[in-house]
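*Asks:* I'd like to go over a predicted model; first the sequence, then the structure.
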Amino acid sequence: MNAAQWEALALNNPEKEGQSGRVRMASQVYFFDFGNGSDVHGAIKELVGKAGGERIRRGMKVAVKSHFGEMGNYTHIRPSFVRSAVDAIKELGGRPFFTDTTTLYPEGGRLTVADSLETARYNGFTEEGLGCPVVIADAPDGESGVVIENDKNLHLKRVKVAKAIAEADAIIVLSHVKGHVMSGMGGAIKNLGMGCTTKGTKSAQHALHGCEFDLDKCAGCGKCVESCTFGALRMSDGKPARGEGCVYCLTCMFNCEERAIHLLEGGKERFQEGLAEAAFGVTRALAGKPVAYLNFVMDVTRLCDCAAPAGKLVVQNVGILASEDPVAIDKASLDLIDGSQIIPGWQVSPPDILGKLNKTSSLIHIRTAARLGMGSMEYTITGV
Ligand code: SF4
Ligand code: SF4
């Protein structure tokens, strides 16, 4: 669909009136349609400015937050697209740096700062290519950050925002929109809540889905114990037993061929609530600063960029969205995907294609973010 068709769809957005019937303010989302536009690099520059980048002032230190992909993932955002955002910031007078955080889990080459920088280089994210420094935001140990106190009624009472991100004068959040096994769809909110926080806050979110052992299915092979680099598992009477130190990385679950390890009931729902709460903490740390969100709706896979590879594409490439509102841009991205042509081979239909493929509802984290006041589920789309 082109921008005009999306504009019409947004006007029919069923979220336009809440359950109370109260009409809420619609947020502005800008859209570069791959089907209509040809100058993608020019469009990225324009989108950065329109989505809030024009508030960047000379000399400001600007974080360009993205995900450079796991070692072996090839569906992450292309480095040349990041370069266009970097160039836009420079033209606005800002001093950009490209940034991401370390992971909770050991696989994929992003556990430590050194591993992360090597993976970034391998995937093409270098200072030379991007035209700005590459900074791991939670360096040196994955725990460097600024604590934000959240409401005491939330799952996450406190959120630790990665230091380099919290201390930046402005931020451009570049998110690859794709599926995610816990959140259904992963976009801007996911990039904030998981991507901008320290290992401790990542673990607190994953603790909400938890994991437990079904010892009736367990064959006693011990692979889960061997896979746990945190020493949280040991064998006891031929079966695994969990002790202290679990960070809920799920490495043991992915290594169990008997499917004897699973999430707690309602785990994905709680995880999504925690994800939105973490994202809320990050937006509070950035309050008052120029913040622009760009969502790249392309190379949409069922799994996220932490998967290597993330599998076959689910829908045709769509375009790039930009907004100052992380809720509106994610809801618009979800709707765009649902309105796109599904690639033959997938047995799924809208609404929420990515949520269905991942056996959850993507709207849980988007609605939670809206309820927390991060933005609006209503939007209007303007083409660029
Ligand atoms: S990997 Fe699975 S089957 Fe093997 S010991 Fe662990 S839980 Fe049991
Ligand atoms: S027990 Fe499993 S989920 Fe917990 S830290 Fe070890 S591998 Fe990760």
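*Replies:* The structure has been received and is ready for your questions. Ligands and ions are numbered 1, 2, ... in the order given.
*Asks:* could you use CA atoms for every contact and neighbour count after this?
*Replies:* Fine.
*Asks:* next one: phi and psi at Ser27?
*Replies:* With angles defined as degrees, to the nearest 10, Ser27 shows backbone torsions of phi -90, psi 150.
*Asks:* let me fix that: Ala370
*Replies:* Main-chain torsions, Ala370, degrees, to the nearest 10: phi -60, psi -40.
*Asks:* measure it to Thr380 for me?
*Replies:* Distance, Ala370 to Thr380, by CA to CA, to the nearest Å: 16 Å.
*Asks:* for Val300, same thing?
*Replies:* From Val300 over to Thr380 the distance is 23 Å, taken as CA to CA.
*Asks:* more neighbours: which of the two?
*Replies:* Neighbour count, other CA atoms under 10 Å: between Val300 and Thr380, Val300 has more, with 26 against 19.
*Asks:* what's near enough to touch the more buried one?
*Replies:* Contacts for Val300 (CA atoms under 8 Å, 6 or more residues apart in numbering) come out as Thr75, Val177, Lys178, Gly179, Leu313, Val314, Val315, Gln316, Asn317.
*Asks:* try Arg58
*Replies:* With contact set as CA under 8 Å, 6+ apart, Arg58 has these partners: Leu92, Gly93, Gly94.
*Asks:* PyMOL command to pick out the buried ones of these?
*Replies:* Of the contacts of Arg58, the buried ones go into a single PyMOL selection, burial set by 16 or more other CA atoms under 10 Å:
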select buried, resi 92+93+94
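*Asks:* which ones among the contacts of Arg58 also lie next to ligand 2?
*Replies:* Of the residues in these, proximity to ligand 2 by CA under 6 Å from any ligand atom holds for none.
*Asks:* now the contacts of Arg58 as JSON lines including pLDDT?
*Replies:* Compiled in JSON lines, those are given as follows (pLDDT from 0 to 100):
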{"residue": "Leu92", "pLDDT": "95"}
{"residue": "Gly93", "pLDDT": "96"}
{"residue": "Gly94", "pLDDT": "97"}
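*Asks:* and Pro326, how far is that from ligand 2?
*Replies:* Going from Pro326 to ligand 2 by CA to the nearest ligand atom, to the nearest Å gives 30 Å.
*Asks:* which stretches in this structure count as helices?
*Replies:* With DSSP state H as the criterion, the chain has helices at 3-11, 40-50, 79-91, 113-122, 127-130, 163-166, 188-193, 199-206, 223-227, 251-255, 267-285, 326-338, 353-357, 363-371.
*Asks:* out of the ones you listed, which gets nearest to ligand 1?
*Replies:* helix 223-227 (4.1 Å; CA to the nearest ligand atom).
*Asks:* residue most distant from the centroid, the chain?
*Replies:* Distance from the centre of the chain peaks at Asp237, with 40.6 Å (CA atoms, centre = their mean).
*Asks:* give me the pLDDT for Gly311.
*Replies:* Turning to Gly311, the model gives it a pLDDT of 87.
*Asks:* please name the bridge partners of the closest residue to it other than its chain neighbours.
*Replies:* Distances taken as CA to CA, 6 or more residues apart in numbering put Thr301 closest to Gly311, at 6.1 Å, once the chain neighbours are dropped. Counting by DSSP bridges, Thr301 is bridged to Leu313.
*Asks:* ligand 2 contacts on the stretch 251-384 of the chain?
*Replies:* Taking CA under 6 Å from any ligand atom as the contact definition, the stretch 251-384 of the chain meets ligand 2 at Thr251, Cys252.
*Asks:* and the residue in the stretch 251-384 of the chain positioned nearest to ligand 1, how many neighbours?
*Replies:* Nearest residue of the stretch 251-384 of the chain to ligand 1: Cys256, at 3.8 Å (CA to the nearest ligand atom). Using other CA under 10 Å, Cys256 has 19 other residues around it.
*Asks:* give me the distance between it and Leu215.
*Replies:* Counting by CA to CA, the gap between Cys256 and Leu215 amounts to 12 Å.
*Asks:* and Thr382, by the same measure?
*Replies:* Remark: distance between Thr382 and Leu215 (CA to CA) = 54 Å.
*Asks:* higher neighbour count, these two?
*Replies:* Thr382 (16 against 13).
*Asks:* these two touch, right, the more buried one and Phe31?
*Replies:* Yes. Judged on CA atoms under 8 Å, Thr382 makes contact with Phe31 at a distance of 6.0 Å.
*Asks:* residues of the stretch 201-350 of the chain that sit close to ligand 1?
*Replies:* When proximity is defined by CA under 6 Å from any ligand atom, the stretch 201-350 of the chain lies next to ligand 1 at 218-224, 239-240, 255-256, 258, 260-261.
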